[in-house]
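> structure for this input, please:
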Amino acid sequence: MTDAIKSAPPTTVAPPRRVNYARQFERVAVILVWIILIAGFSAAMPRSFMNWGNFAIMFTSYAPAALLALAIIIPLTAGDYDLAVGGTLTLTASTIGVLNVWQHMPILLVLVIVIGIGVLVGLLHSLFIVYFRVPSLVVTLGSTSLMSGIVQWMTNSSTIGGVDNNLVMAVVGHRLFGIPYAFYYALAAALIIWYVFDYTPLGRRLLFVGRGREVARLNGIAVDRVRVGALVSSGVLASIAGIVYAGVLGSADPFSGLNFLLPAFAAAFLGATTIQPGRFNPWGTIVAVYFLGTGITGLSMLGIPLWVTNVFNGAALILAVTISQITRGRETSDIG
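From the prediction side, this is the model:
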């Protein structure tokens, strides 16, 4: 018995895992910078900036951009780009104006129709991207121009006012904690996407397809179906953003919806550097949207010229993509 005990190999105790403080800081870096940005603008404009009404307006006005950014990260996770989300938003909002205001169709029926438009846009993108193997950048850029032309034709290039008051009330008329429901629609979309991404097999398939399509195919994943589903989901979410946009404005603007595209893409990539660095994730996207929105709102309130907004958005997009690529590359090397 004694000899057996002596001959037994010594038990090894695994060393405690060291906390990667740099990685933990990276998860919250954008949030910390956002807080600093709010503090700076509040110090410069204590009465006008730092009040709940200002934040309520900002949360509401950027809700369509948040929904667009969430729409973008779904196909991005699967390795495809959807540059047409801004065009889909504009087409959806304009269709609401034409059918509801000009053709006097009931708003509920119109909403069903415009959701169907989102599905159709996603299916058409899938046809060319997945089955005809045309690069997603080319297809979605072309469809943006196509939809813009259709919108100008159907609206006579004019803003259509007088959207059904029921839609306006459902988007901005009712409030929770002083913030209109538009903001909570974006939060609800983020919650659903977070659950799908992190807690369902579908979310894991999306990630595998985005990381390597051939490897995913060899592991039995229906890659084409996953990509089609991602593109259709993006189209539907962009159409929901168009519904919210029409409700926020109370009208259908055939031009301004396209302005959301650049900040939405910047937010999608910037969001991939926070909360879950190296992955497109909905909560990071929401934080990034309102971080950028805070910067633009504060600069506008300071009286900065309008062209600075374009510079801010463009620089944010370049920096966000660069940081995102560095983060994703480091995560891949860590896994390897």
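> tell me the strands in the stretch 201-336 of the chain, going along the chain?
251-252 (DSSP state E, counting those that start in this stretch).
> low-confidence ranges, it, go.
Across the stretch 201-336 of the chain, the ranges flagged by pLDDT under 70 are 324, 327-336.
> go again with 80.
For the stretch 201-336 of the chain, the stretches with pLDDT under 80 are 256, 306-310, 312-313, 316-317, 319-321, 323-336.
> and G203, what is it in contact with?
Residues near G203 by CB atoms under 8 Å, 6 or more residues apart in numbering: 196-197. From N, CA and C alone the C-beta is placed, and that goes for glycine too.
> what about it, distance to V236?
17 Å (CB to CB, to the nearest Å).
> likewise for N259?
Distance of N259 to V236, given as CB to CB: 21 Å.
> the more surrounded of these two?
The residue with more neighbours, out of N259 and V236, is V236; 21 against 16, by other CB atoms under 10 Å.
> wait, doesn't that one sit right on I117?
No. Using CB atoms under 8 Å, V236 is not in contact with I117; the gap is 9.4 Å.
> could you report the pLDDT at the spatially most central residue of the chain?
By CA atoms, centre = their mean, the chain has its centre lying nearest to A69, at 1.6 Å. pLDDT for A69: 96.
> only alpha carbons, please: show the strand or helix carrying it as CSV.
Element membership for A69 (DSSP states H and E) is helix 63-77. What follows is helix 63-77, C-alpha atoms only, in CSV (Å, rounded to 0.1, in the frame of the first residue of the first chain):
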residue,chain,number,x,y,z
ALA,A,63,-33.2,54.9,-33.3
PRO,A,64,-33.5,54.4,-37.1
ALA,A,65,-29.6,54.5,-37.4
ALA,A,66,-29.4,52.0,-34.5
LEU,A,67,-31.8,49.6,-36.3
LEU,A,68,-29.8,50.0,-39.6
ALA,A,69,-26.6,49.3,-37.8
LEU,A,70,-28.1,46.1,-36.3
ALA,A,71,-29.4,45.2,-39.8
ILE,A,72,-25.8,45.5,-41.1
ILE,A,73,-24.1,43.3,-38.5
ILE,A,74,-26.3,40.2,-39.4
PRO,A,75,-24.9,39.7,-42.9
LEU,A,76,-21.5,41.1,-41.8
THR,A,77,-21.3,38.2,-39.3
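> name the helices or strands packed onto that helix?
The criterion is 3 or more CB pairs under 8 Å, 6 or more residues apart in numbering; DSSP states H and E, and the helices and strands that helix 63-77 contacts are helix 85-96, helix 181-199, helix 201-211, helix 223-249, helix 261-271, helix 282-301.
> distance between the fourth one and the chain's centre?
To tie it back to what came earlier, the one meant is helix 223-249. Computed by CA atoms, centre = their mean, to the nearest Å, the chain-centroid distance of helix 223-249 equals 10 Å.
> for it, list every residue counted as buried.
Within helix 223-249, the residues scored as buried using 16 or more other CB atoms under 10 Å are 223, 226-249.
> now the last one
Across helix 282-301, burial judged by 16+ other CB under 10 Å covers 282-299.
> burial count for I31?
By the criterion of other CB under 10 Å, I31 has 15 neighbours.
> what of the one 4 residues further on?
Around I35 sit 13 other residues, with neighbours defined as other CB under 10 Å.
> okay, it: pLDDT?
With respect to pLDDT, I35 scores 91.
> go on, F25?
At F25, the predicted lDDT confidence score is 73.
> so what's the residue nearest to T309 when sequence neighbours are not counted up against?
Excluding the flanking residues, the one nearest T309 by CB to CB, 6 or more residues apart in numbering is I296, at 5.6 Å. Contacts here follow CB under 8 Å, 6+ apart; on that basis I296 touches 263, 309, 312-313.
> for A222, grab phi and psi.
With angles defined as degrees, to the nearest 10, A222 sits at phi -80, psi 80.
> go on, I160?
Per degrees, to the nearest 10, the backbone of I160 is at phi -110, psi 110.
> so what sits opposite it in the bridge?
Beta-bridge pairing for I160 (DSSP bridges): A252.
> how about it, what does it touch?
By CB under 8 Å, 6+ apart, the residues touching I160 are 94, 97-98, 101-102, 251-252.
> 10 Å instead, please
I160 is in contact with 93-94, 96-98, 100-102, 154, 246, 251-254, counting by CB atoms under 10 Å, 6 or more residues apart in numbering.
> same thing with A29?
273-274, 277, 323.
> report the angle between the strand or helix carrying it and helix 282-301.
Taking DSSP H and E as the criterion, A29 maps to helix 21-44. In terms of direction (axes from the mean of the first three to the mean of the last three CA atoms, to 10 degrees), helix 21-44 departs from helix 282-301 by 30 degrees.
> now for the helix or strand following helix 21-44, which elements pack on it?
On the C-terminal side of helix 21-44, the nearest following helix or strand under DSSP H and E is helix 52-61. Secondary-structure packing of helix 52-61 (3 or more CB pairs under 10 Å, 6 or more residues apart in numbering; DSSP states H and E): helix 21-44, strand 179-180, helix 181-199, helix 223-249, helix 282-301.
> okay, buried residues for the first one please.
Using 16+ other CB under 10 Å as the burial criterion, the residues of helix 21-44 that qualify are 26, 30, 34, 38, 41-42.
> list just the nearest of these to H174.
In terms of CB to CB, no member of those lies closer to H174 than I38, at 26.1 Å.
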